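J.: Provide a 3D model corresponding to the input given below.
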Amino acid sequence: MSEGGAERPSGRMSQTPTDILPYEQLLEQEDLATRVPGRTLSSPAKGLLVSVTLMALGVIGLSGGGAQTSVGALVNLSPGIVWTLPFQLFDGPPVLGAPVLALAPPGQTQIQDQYLSLPLVQRLQATPDVVFLRFGLPNQSKPLGLSTLSCILFKGLAGSGLEEVVRPYTPVSTNAEIGTFTLLVKVYPDGAMSGFLGAMAIGARILATHTDKNVKEQYPFAATEVAMIAGGTGITPMLQALQALLGNSSDTTRVTLLYSNKRESDIIARSTLGEWLGGWHDRVRIVYTLSREPTTSSWVGRRGRIDRRLIEEWVPPPSANVLVFVCGPDGLYEAFTGPRQGEYSGILAEMGYAESQVVKL
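T.: Purely as a prediction, here's the structure:
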């Protein structure tokens, strides 16, 4: 879940620096495994993955009868299918790594039902406006304990009057991460909470909590087909879901991700998505579409917003075996599901998807 649409309580809050876990010790705790049994993944880059992309219609495909056997290897590709293959530049762990199944039951997080002050212990500037933030937990020997799918509420200061702002964010880390958890944050020029998070220095603290209201559809999902409609930072809960769906070697659920951004440079976690696709191309389809990409750019993929026609083309029709996850800006909810906190309506309802089949994240 990304910034937007949450409560905005008034008041003031202070931050107090604290001792933090050294960066070197954090690296020692990293799981550097880069392969998953039964899957072929390319060797990841350390902080940098360059995608070698063959583009056609902006689709990274499921069909086509081909297989990726190694970096740079393409076999039996059908026309109209796009494959993104990571290319190794340096040795070391990727930002997110291979998908991991590390489940926890609802209601057992380290920050359950109370705001706790958490220190920022590490930050990685992925792009000029996207940052990975790692926060320390009260108990350094245990994971966050967040269930899938769930989010966390953060309370920070914003505006000239330093008013408290509360926003939900979904960690991109799993419960395999011990003593810390990691957020992926896109810093918007007018983003109240994203601006606060983006400006945090190592050692600064922020208040965070988790309640039963932050628990959404829980894995394992009751579906054989999962469609994901994401806009911008709405990709983060989809990454959380994909960690479980792809990290479980016995799961055969097929996934279709429709991912909309304004410009190509706005696409978040593109290298990670390409890496995961390379290992699970038999189960995953990804369709990128851009709404404001300059016509003079080299982008040859889809343009425009996600619409009914795109859904009809790629998403399985309504059935008891289909779930549709939706997350993004307010306009995305308004168009497809009705307001995030309001009654179910919109394009998906018109297409015949029952409210029980659609999850607002």
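
J.: C-alpha from now on. contacts and neighbour counts both.
T.: Noted.

J.: next up, phi/psi of Thr209, please.
T.: Backbone torsions of Thr209, given as degrees, to the nearest 10, read phi -150, psi 170.

J.: ok, the residue nearest to it when sequence neighbours are not counted - contacts?
T.: Nearest residue to Thr209 in three dimensions, chain neighbours excluded: Tyr115, at 4.7 Å (CA to CA, 6 or more residues apart in numbering). Counting by CA atoms under 8 Å, 6 or more residues apart in numbering, Tyr115 touches 207-209.

J.: what do you get for Ser150?
T.: Ser150 makes contact with 170, 214-216, 237, according to CA under 8 Å, 6+ apart.

J.: most neighbours, which of those?
T.: Thr170 (29 neighbours; other CA atoms under 10 Å).

J.: so what's it closest to, chain neighbours aside?
T.: Closest residue to Thr170 apart from its sequence neighbours, by CA to CA, 6+ apart: Cys151 at 4.5 Å.

J.: please list all residues in contact with that neighbour.
T.: Applying CA under 8 Å, 6+ apart to Cys151 gives the contacts 1, 168-171, 210, 214-215, 237.

J.: now it: how far from Ile267?
T.: 21 Å (CA to CA, to the nearest Å).

J.: and Leu332, by the same measure?
T.: Look at Leu332 and Ile267: by CA to CA, they are 16 Å apart.

J.: sec struct for Ser356, please.
T.: At Ser356, secondary structure determined by DSSP: H, G, I helix; E, B strand; the rest coil is helix.

J.: now stretch 327-338: how far from the chain's centre is it?
T.: Relative to its parent chain, stretch 327-338 has a centroid offset of 17 Å by CA atoms, centre = their mean, to the nearest Å.

J.: ok, now stretch 226-238?
T.: Centre-to-centre, stretch 226-238 and its host chain are 7 Å apart (CA atoms, centre = their mean).

J.: for that stretch, measure first residue to last.
T.: Terminal residues of stretch 226-238 are spaced 10 Å apart (CA to CA).

J.: so what does whatever helix or strand Leu118 lives in touch, helix or strand wise?
T.: Applying DSSP states H and E as the criterion places Leu118 in strand 116-127. Contacts defined by 3 or more CA pairs under 8 Å, 6 or more residues apart in numbering; DSSP states H and E place strand 116-127 against strand 130-136, strand 205-209.

J.: hey, where'd the helices end up in the stretch 151-300 of the chain?
T.: Remark: helices assigned in the stretch 151-300 of the chain by DSSP state H, counting those that start in this stretch are 192-198, 235-247, 270-279.

J.: which residues are contacting the second one?
T.: Taking contacts as CA under 8 Å, 6+ apart, the residues outside helix 235-247 that touch it are 1-2, 98-103, 148-151, 170-174, 184, 219, 228, 230, 251, 253, 259, 268, 280, 325, 327-328, 361.

J.: for the record, mean pLDDT for it?
T.: In this model, helix 235-247 has a mean pLDDT of 97.

J.: now it and helix 270-279, what's the angle there?
T.: If you take axes from the mean of the first three to the mean of the last three CA atoms, to 10 degrees, helix 235-247 sits at 20 degrees to helix 270-279.
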